[in-house]
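Trainee: Provided below for reference: sequence and predicted model.
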Amino acid sequence: MPRAFPVAPFLALLLAAAPAASAGGTEPGASGQPPARQAATTGEAPDCAEALAGRVQSHYETVRDLQADFVQNTRSVAFAGGSGLDAAPARGRVHFAKPGRMRWEYREPEPSLVVSDGATLWIHDPVAKEVQVLPVGAGFLSGAAIQFLLGEGKLLGSFRVSARSCDAPATLVLHPLEPSTYERLELVVDVETGAIRETVVLDLFGNRTEVAFREVETNRDPPGELFRFDPPEGTRVLELPASP
């Protein structure tokens, strides 16, 4: 069995695929109301939620690629008798590029790597000298928390949107409209630009994964080779089945 390492909580939020709703943003949620009307019933600063979500959407529609340093913090309720246990912070560098390409380089507390060229996903554990290889479809990010960092999908079409805060830094609270393996997504947003500074994912078991982005750079046109992975000599390759 592959050993656990810091990238595992990230994969849970990445591959938590809830089918995205209509791109037009008019699909009703559980209450039968459009997402914008649902936001108005939550009591969480509804006056800014829709406008802020639109600002985030508009910002990432102008982004071809993105790179940043990140810090990931994970709290799991599966330990300590359900009271929760904080894992050691994980740090590294992340790259995104349209369409659907990414590279997560974990440097601390242990090195690991997640790479996708949009067709194949590689998960490399250099300490165990092992790589897991997963074929993915063109829409494997659909409904996943990470997709909106590159403007894929529509926030108001896929989530019931509310806002915990309208002041800088503002926090959007997103509940998926379709069944999902996570309960909600929170985005800490720059109110001026719509750029996402932090993401928080709370899964159905109460586990919490936070990812904060620093030193963000956009539209640098990274080389395509960055989003492919050739296993080093001596690496065990585990071929995993395609995602459903």
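Mentor: The structure has been received and is ready for your questions. Numbering: from 1, shown residues only.
Trainee: C-alpha only now, for contacts and for neighbours.
Mentor: OK.
Trainee: max-length helix in this structure?
Mentor: Of all segments of type helix in the chain, defined using DSSP state H, the longest is helix 46-61.
Trainee: Identify the residue nearest Glu130 in space, chain neighbours excluded?
Mentor: The shortest distance from Glu130 to any non-neighbouring residue, by C-alpha to C-alpha, 6 or more residues apart in numbering, is to Arg236 (4.6 Å).
Trainee: what's the answer for Ile196, then?
Mentor: Val189 (4.6 Å).
Trainee: And for Tyr182?
Mentor: Asp203 (3.8 Å).
Trainee: What are the neighbouring residues in contact with the one you found?
Mentor: By C-alpha atoms under 8 Å, 6 or more residues apart in numbering, the contact list for Asp203 reads 13, 181-184.
Trainee: Nearest to Glu130 among those residues?
Mentor: Taking C-alpha to C-alpha as the measure, Glu130 lies nearest Leu13 of the contacts of Asp203, at 21.9 Å.
Trainee: Can you spell out which residues form a bridge with the residue nearest to Ile196?
Mentor: Taking DSSP bridges, one finds Ala170, Ile196 as the beta-bridge partners of Val189.
Trainee: Who are the contact partners of it?
Mentor: 56, 168-172, 195-198.
Trainee: and the longest helix of the chain, what's its mean pLDDT?
Mentor: Helix 46-61 shows a mean pLDDT of 86.
Trainee: swap in stretch 236-244?
Mentor: Stretch 236-244 shows a mean pLDDT of 80.
Trainee: And the spatially closest residue to His59 that is not a sequence neighbour, its phi and psi?
Mentor: Excluding the flanking residues, the one nearest His59 by C-alpha to C-alpha, 6+ apart is Gly194, at 5.7 Å. When read as degrees, to the nearest 10, the backbone of Gly194 gives phi 80, psi 0.
Trainee: got it, and Phe159?
Mentor: Main-chain dihedrals, Phe159, degrees, to the nearest 10: phi -140, psi 150.
Trainee: tally of neighbours for the closest residue to it other than its chain neighbours?
Mentor: Once flanking residues are discounted, Phe159 sits nearest to Pro176: 4.4 Å by C-alpha to C-alpha, 6+ apart. Counted with other C-alpha atoms under 10 Å, residues neighbouring Pro176 total 25.
Trainee: I'd like the distance between Pro176 and Cys48.
Mentor: To Cys48, Pro176 is 19 Å away according to C-alpha to C-alpha, to the nearest Å.
Trainee: Could you pull out the helices in this protein for me?
Mentor: Along the chain, counting by DSSP H, helices occupy 7-14, 35-39, 46-61, 155-158.
Trainee: what's the first-to-last distance across stretch 52-72?
Mentor: By C-alpha to C-alpha, the extent of stretch 52-72 from end to end equals 24 Å.
Trainee: tell me which residues of that stretch are tucked away?
Mentor: Neighbour counts over stretch 52-72 (16 or more other C-alpha atoms under 10 Å) mark 52-53, 55-57, 59-60, 63-72 as buried.
Trainee: same deal with stretch 188-196?
Mentor: Buried residues in stretch 188-196, counted by 16+ other C-alpha under 10 Å: 188-191, 194-196.
Trainee: ranges for the strands of this protein?
Mentor: 65-76, 85-86, 90-97, 101-108, 112-116, 120-125, 130-135, 159-165, 170-176, 182-189, 196-203, 208-218, 236-239 (DSSP state E).
Trainee: Which of those comes out lowest on mean pLDDT?
Mentor: The minimum mean pLDDT among the strands of the chain belongs to strand 85-86 (a mean of 68).
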